[in-house]
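Chemist: sharing a sequence plus its predicted fold:
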Amino acid sequence: MIQDIYPDILDNSYSPLTLGSGDFLLCFDREGRLLVNGESGAIRFPTAEEAAAERSVYGFSVNEDRYFIALSEHSCKAEGFEYFNMRGLRDRFGGTELFAAFTAYHLWRWYDDNRCCGKCGTPLGLHGTERALLCPECGYILYPRINPAVIVGVIKGDSLLITRYNRGYAHNALVAGFTEIGETLEQTVSREVMEETGVRVKNIRYYKSQPWGMAQDILVGFYCEAEGSGKIHMDKNELKYAEWVKREDIVLQPNNFSLTNEMMRMFRDGLIKAGE
């Protein structure tokens, strides 16, 4: 999955560092596209010597490399850099740099979405001692937003419930959705499967989680079984495809970055079975 970067190590602890020589500056445009050089077939971010911004904030480190996020208008002096949207990066590149791009996008989106205090309207500033934004007028403190969402592998005998979305990602997927206020994750599983496919489920069990910066998510994977006949009544507003697919007929996504793809592969390969 995208976060499996071992032996590289992500350190996301906050530090009030300033951009220095050799540090990477991750620059997003107003559409959320990231400035990279991909001429070598891998992602390369501009360094402090190659790009500049009036305001930047330390994001995280990977091993000894430090990544900063531009919070203002920026410029790049080096040739070969261009803007890619996050899906374009995902489709073309991989490795530790792709995970760094996703993580930076999550942080940049939060900073960009919260320029002013939601209580009094005053422009927010950096907290200084923790990863937070601080209102200098009313003292309101705002922390990064993480949206919990579930990915659900629904099993019926030797088949898995495979879906495709109406919009956006065009490849095979599983039932997925965001947790609503007042719900447990398990209740989200039951509701989302019922809303999207009309199938009731039982024996809900946790599998694994994944950070997914593209949508500011933490994805939480569950397997469960269909209860009763498992007859599908697809929500055509959400999905364009929802069918029970035999293990041997499951077609995976074109890369191994997502929790969804891993869960489909685990079932296809017989490593996940009903009731386990």
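Modeler: Cool, the structure landed.

Chemist: tell me where the stretch 151-276 of the chain has helices.
Modeler: Taking DSSP state H, counting those that start in this stretch as the test, the helices found in the stretch 151-276 of the chain are 185-197, 259-268.

Chemist: state the mean pLDDT of the longest one.
Modeler: Read it as helix 185-197. For helix 185-197, the per-residue pLDDT values average out at 97.

Chemist: now that helix: buried residues?
Modeler: Going by neighbour count (16 or more other Cβ atoms under 10 Å), the buried part of helix 185-197 is 186, 188-190, 192-193, 196-197. Heads up, the C-betas are built off the backbone N, CA and C, glycines and all.

Chemist: which residues touch stretch 87-99?
Modeler: The contact list for stretch 87-99 (Cβ atoms under 8 Å, 6 or more residues apart in numbering) reads 2-3, 5, 8, 10, 34, 36, 38, 41-45, 62, 84, 101, 169, 214, 254-255, 257.

Chemist: so where's the chain uncertain?
Modeler: 275-276 (pLDDT under 70).

Chemist: could you redo the last one with a cut-off of 90?
Modeler: 128, 166-170, 214-215, 238, 273-276 (pLDDT under 90).

Chemist: ok, the most centrally placed residue in the chain - contacts?
Modeler: In the chain, the centroid-proximal residue (Cα atoms, centre = their mean) is residue 212; its distance is 1.6 Å. With contact set as Cβ under 8 Å, 6+ apart, residue 212 has these partners: 2, 102, 149, 218-219, 258-259.

Chemist: which among those end up buried?
Modeler: Looks like those have 2, 102, 149, 219, 258-259 buried, using 16+ other Cβ under 10 Å.

Chemist: make a markdown table out of those residues and add distance to residue 271.
Modeler: Written out in a markdown table, the entries for the buried ones among the contacts of residue 212 read as follows (distance: Cβ to Cβ, whole Å):
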| residue | distance to residue 271 |
| --- | --- |
| 2 | 20 |
| 102 | 26 |
| 149 | 23 |
| 219 | 19 |
| 258 | 17 |
| 259 | 15 |
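
Chemist: number of residues surrounding the closest residue to residue 190 other than its chain neighbours?
Modeler: Once flanking residues are discounted, residue 190 sits nearest to residue 201: 5.8 Å by Cβ to Cβ, 6 or more residues apart in numbering. As a burial measure, the neighbour count of residue 201 was computed by other Cβ atoms under 10 Å and equals 26.

Chemist: enumerate every residue touching residue 201.
Modeler: Contact criterion Cβ under 8 Å, 6+ apart gives 152, 154, 189-190, 193-194, 224-227 as the residues in contact with residue 201.
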